[in-house]
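[1] kindly generate the corresponding structure for this input.
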Amino acid sequence: QPQLVESGGGLVQAGGSLRLSCAASVRPSRTYTMAWFRQAPEKEREFVAAILWNDGSTYYADSVKGRFTISRDNAKNTVYLQMNSLKPEDTAAYYCAADRVRMVTEVSAYTYWGQGTQVTVSS
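    Reported below is the predicted structural model:
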C-alpha cells in the first residue's frame, strides 16, 4: 500500500510554470496507474493526467493537453507533473493518486491518495 506525498505547489503568475512531485513510499506495481487530479473551491475533483507505471504511457484531460506533462522516475518512485503556460483557471489543490487500474479517469477508481498541494495562478 503506497503512501503518496505531493510537493511543489505554490503561487505563480499566469503564463508561468510549476513542477509538482509525487513520491511513493514503495515502488508502484507494474500494473499501477499514477494520476493527478485537482479540485478547485466548490467544485468536484477532476482528472488531470495519468501515467502507466509499466510502460510510461500517458493520458491527459483536454483542458491541460499541450500545457502539462506527466512523467515518472522509476529510481525515485516519483511521478511529476510539469505545468507550463498556467492559467488562473488552473488554480486548485492538486492530488496524486494510484491504483491497479488502467488509465481510468474517475476519482472513485483510485484507492491511494496524497494529501494535496495547492497551486494558485494569479492573473
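[2] count of residues packed around T105?
    18 (other Cβ atoms under 10 Å). C-beta coordinates here come from the backbone N, C-alpha and C atoms, glycine included.
[3] can you pull the contacts of it?
    Going by Cβ atoms under 8 Å, 6 or more residues apart in numbering, T105 touches A35, F47, A50, Y59, A61.
[4] next one: R45
    Counting by Cβ under 8 Å, 6+ apart, R45 has contacts F37, R38, Q39, Y95, V107.
[5] take the contacts of T105 and keep only those in strands.
    Among the contacts of T105, the ones falling in strands (DSSP state E) are A35, F47, A50, Y59.
[6] ok, those residues vs D99, which is closest?
    Distance to D99 across the ones in strands among the contacts of T105 (Cβ to Cβ) is lowest for A35, with 8.5 Å.
[7] the closest one against Y110, yeah?
    Yes: in this structure, A35 is within contact of Y110 by Cβ atoms under 8 Å, at 6.6 Å.
[8] need the overlap of contacts for the two.
    By Cβ under 8 Å, 6+ apart, A35 and Y110 have these common neighbours: A97, A98, V104.
[9] and the most centrally placed residue in the chain, what does it touch?
    With distances taken as Cα atoms, centre = their mean, the residue of the chain nearest its centroid is W36 (2.3 Å). Residues in contact with W36 (Cβ under 8 Å, 6+ apart) are L20, C22, V48, A49, A50, I70, V79, L81, Y94, Y95, C96, A97.
[10] gap between the last one and K87?
    I take that to be A97. 23 Å (Cβ to Cβ, to the nearest Å).
[11] quick revisit: now the contacts of T105: which count as buried?
    Neighbour-count burial (16 or more other Cβ atoms under 10 Å) is assigned, among the contacts of T105, to A35, F47, A50, Y59, A61.
[12] alright, that wraps it up for me.
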